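Colleague: Sequence and predicted model, in that order:
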Amino acid sequence: MSAHLDRRRFLTVVPGVAVATVLAPHAAVASAASVDMEMVVLAAQLDPPKSGTGITPGAGTSVRRVERALADKGFLSAQYVDGHFGTATRSAYARWQESLGYSGLGANGLPGSASLTALAQGSFSVVRKLSPGARTTHQGFPFNTRTVAMLDEAQRLAGVPFVVEQGSYSPGNDPTSAGTHDGGGAVDLDAEALSNVQRTDALIGLRRVGFAAWLRSPSQGNWPWHIHAIAANDTDLSTPAQNQVGMYYLGRNGLANNGPDDGPQVPKVTWEQYQRA
């Protein structure tokens, strides 16, 4: 008997069962599975700098579903389907992005909405999608609209004027930045004219809205007093900027010396988490 006749016979025997359930039970199960994009992107920043294979709280199930889909498509070895979005997973995801025709920041290993939706086909749905927004300028410097909204809210909270020294999307603009400003979500603010209290207030405001932010002094490098900040969960982050977010969450200073975080202690959140709160 043909497969077509088998299906017809089965539908006749079980007339009250929905066609989709009978013909594609696995698809029905897959449609019930979801991936939290916010948590997956956060894990993709937090997990690679870790010394072990710890799982970002709240991200494990979603990351495993992404890793399983990558493994099923031949981009990731099955041994790495573990819920830890480490360097192997980030590299595999970058190869997936490249296979879709993306390059540059579009293939940075951070799941973007389009690439994650494409990966999800037949496996899971994507919830809490992220977008960096459109490219724009702020105080004459390049940014995306998400970062500008974060800066505006941080400045309101701090009550301190923010003067931009360096924006985002500026590859090669400043060698001392080590590539952190090559993508989105990055900003340097002038801190020379600020008092110590104002510097602290600015850092608190930035951190409260979702920036990994530190005060940089001339004693730390070849630069003037400034505040360096990276917007967590900006999907346009360069790889060095991604790693800085991870180091911030690990309580480090984001510099090559990997020293302890010397900034004000503020609960670590993303911009989306801040907005929901």
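Modeller: Here it is on my side, so go on. Numbering: from 1, shown residues only.

Colleague: Could I get the full set of helices for the stretch 151-277 of the chain?
Modeller: Here the stretch 151-277 of the chain has its helices, by DSSP state H, counting those that start in this stretch, at 196-209, 239-249, 271-276.

Colleague: Export these as TSV, with columns for distance to residue 168, mean neighbour count and mean pLDDT.
Modeller: C-betas here are computed from N, CA, C, even on glycine. Formatted as TSV, the helices of the stretch 151-277 of the chain follow (distance: least, Cβ to Cβ, whole Å; neighbours: other Cβ atoms under 10 Å; pLDDT from 0 to 100):
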stretch	distance to residue 168	mean neighbour count	mean pLDDT
helix 196-209	15	20	98
helix 239-249	9	23	97
helix 271-276	14	16	98
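
Colleague: Take those helices and write them to a markdown table, including distance to residue 219.
Modeller: Formatted as a markdown table, these follow (distance: least, Cβ to Cβ, whole Å):
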| stretch | distance to residue 219 |
| --- | --- |
| helix 196-209 | 15 |
| helix 239-249 | 19 |
| helix 271-276 | 31 |
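
Colleague: and residue 43, which of these is closest to it?
Modeller: Proximity to residue 43, assessed across the helices of the stretch 151-277 of the chain by Cβ to Cβ, is greatest for helix 239-249 (9.6 Å).

Colleague: Run the angle between the closest one and helix 196-209 for me.
Modeller: Taking axes from the mean of the first three to the mean of the last three Cα atoms, to 10 degrees, one finds helix 239-249 and helix 196-209 inclined to each other by 100 degrees.

Colleague: From here on, call the first residue 43.
Modeller: All right, first residue 43 from here; so that's helix 281-291.

Colleague: same for helix 281-291, what does it pack against?
Modeller: Applying 3 or more Cβ pairs under 8 Å, 6 or more residues apart in numbering; DSSP states H and E, one finds that helix 281-291 contacts helix 79-88, strand 253-258, strand 268-273.

Colleague: Let's test this: mean pLDDT of the following helix or strand past the longest one, rounded?
Modeller: Towards the C-terminus, the helix or strand next in line after helix 79-88, according to DSSP states H and E, is helix 102-114. This predicted structure assigns helix 102-114 an average pLDDT of 98.

Colleague: chain center to helix 102-114, what's the gap?
Modeller: Centre-to-centre, helix 102-114 and its host chain are 16 Å apart (Cα atoms, centre = their mean, to the nearest Å).

Colleague: Stretch 168-177 now?
Modeller: Offset of stretch 168-177 from its chain centre (Cα atoms, centre = their mean): 10 Å.

Colleague: That stretch: end-to-end distance?
Modeller: 24 Å (Cα to Cα, to the nearest Å).

Colleague: Would you mind listing where the protein has pLDDT under the threshold?
Modeller: Within the chain, the set of residues satisfying pLDDT under 70 comprises 43-74.

Colleague: the strands in the stretch 43-192 of the chain, which residues?
Modeller: Counting by DSSP state E, counting those that start in this stretch, the stretch 43-192 of the chain has strands at residues 76-78, 167-169, 177-180, 183-186.
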